[in-house]
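Asks: My questions are about this predicted structure, shown below with the sequence.
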Amino acid sequence: MQRVMIVGQPGSGKSTLARKLGLRTGLPVVHIDTIHWQPGWVERSWDEKTQLCHEVEARDRWIFEGGHSTTWANRLARADLLIWIDRSAKLRFWRVLLRTLLQRGQSRPDLPENCPELLANLPEFFRFMWRTKKSARVKMQQLVTTAPATCRVVRLRSNRDTRVFLKSIGYLTGQIPRD
């Protein structure tokens, strides 16, 4: 396993899984939010995001979590593992609310500096999540069907699925398991 692509809708647990998998494998982790956003919640241009995604995809080793679906085909062509975190909308909305409340005023580890969680951003983000909940899931289902034979596909639908998957990966020599 050298290149891992993780997809899922907001609040599904992509960033958390990517971090845990990175610790277990030693693979460098790239969060799409660090490509999408610049400090201060400044959004990058579409072309710049695409270029940065292609630069990551060209590397020999990575765990790349998140969207910018324009680049999914390139990413999938290079990945040897595709993980789709497929969780319920109810759970995802709850997780986004919880992380916003718990990390209010702070930047998450998967975001650039000076991108603090703000309650004021929540209604707009919830509208986005609601508006795209079906179409985004369909896109991910289609992505899975296009995975090359050389790419293992894993679909995680529960916390138990995720725990079992992570246990199957193991740890780098000398690392202590932290479950």
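Replies: Ah, there it is. No experiment lies behind these values; they were computed from the predicted model shown.
Asks: Mind listing residues that contact the helix or strand where D33 lies?
Replies: Using DSSP states H and E, D33 maps to helix 32-36. With contact meaning Cβ atoms under 8 Å, 6 or more residues apart in numbering, helix 32-36 is reached by 15, 43-44, 49, 52-53, 56, 64-68, 108, 110-112, 115. Any C-beta I mention is one placed from the backbone N, CA and C, and that applies to glycine too.
Asks: from what I can see E65 touches L27, true?
Replies: No. Assessed by Cβ atoms under 8 Å, E65 is found out of contact with L27, at 11.4 Å.
Asks: Report the contact partners of W130.
Replies: A89.
Asks: Can you pull out the low-pLDDT segments for this protein?
Replies: 171-179 (pLDDT under 70).
Asks: Now for the residue nearest to S107 when sequence neighbours are not counted: which residues touch it?
Replies: Distances taken as Cβ to Cβ, 6 or more residues apart in numbering place C115 nearest to S107, at 4.8 Å, with adjacent residues excluded. Counting by Cβ under 8 Å, 6+ apart, C115 makes contact with 33, 37, 39-41, 107-108.
Asks: Against T145, how distant is C115?
Replies: 34 Å (Cβ to Cβ, to the nearest Å).
Asks: repeat for F128
Replies: Using Cβ to Cβ, F128 is found at 25 Å from T145.
Asks: Look at these two and report which has more neighbours.
Replies: F128 (12 against 7; other Cβ atoms under 10 Å).
Asks: Okay, and that one sits in which element?
Replies: With DSSP H and E as criterion, F128 is part of helix 122-145.
Asks: For whichever helix or strand comes after that helix, which helices and strands make contact with it?
Replies: Under the assignment DSSP H and E, the closest C-terminal helix or strand after helix 122-145 is strand 152-156. Under the contact criterion of 3 or more Cβ pairs under 8 Å, 6 or more residues apart in numbering; DSSP states H and E, strand 152-156 touches strand 81-85, helix 159-169.
Asks: Turn those into JSON lines, columns for mean neighbour count and distance to R137.
Replies: Listed next are the helices and strands packed on strand 152-156 as JSON lines, based on neighbours: other Cβ atoms under 10 Å; distance: least, Cβ to Cβ, whole Å:
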{"stretch": "strand 81-85", "mean neighbour count": "22", "distance to R137": "10"}
{"stretch": "helix 159-169", "mean neighbour count": "13", "distance to R137": "17"}
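Asks: Turn these into TSV, including distance to V96.
Replies: Listed next are the helices and strands packed on strand 152-156 as TSV, based on distance: least, Cβ to Cβ, whole Å:
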stretch	distance to V96
strand 81-85	14
helix 159-169	17
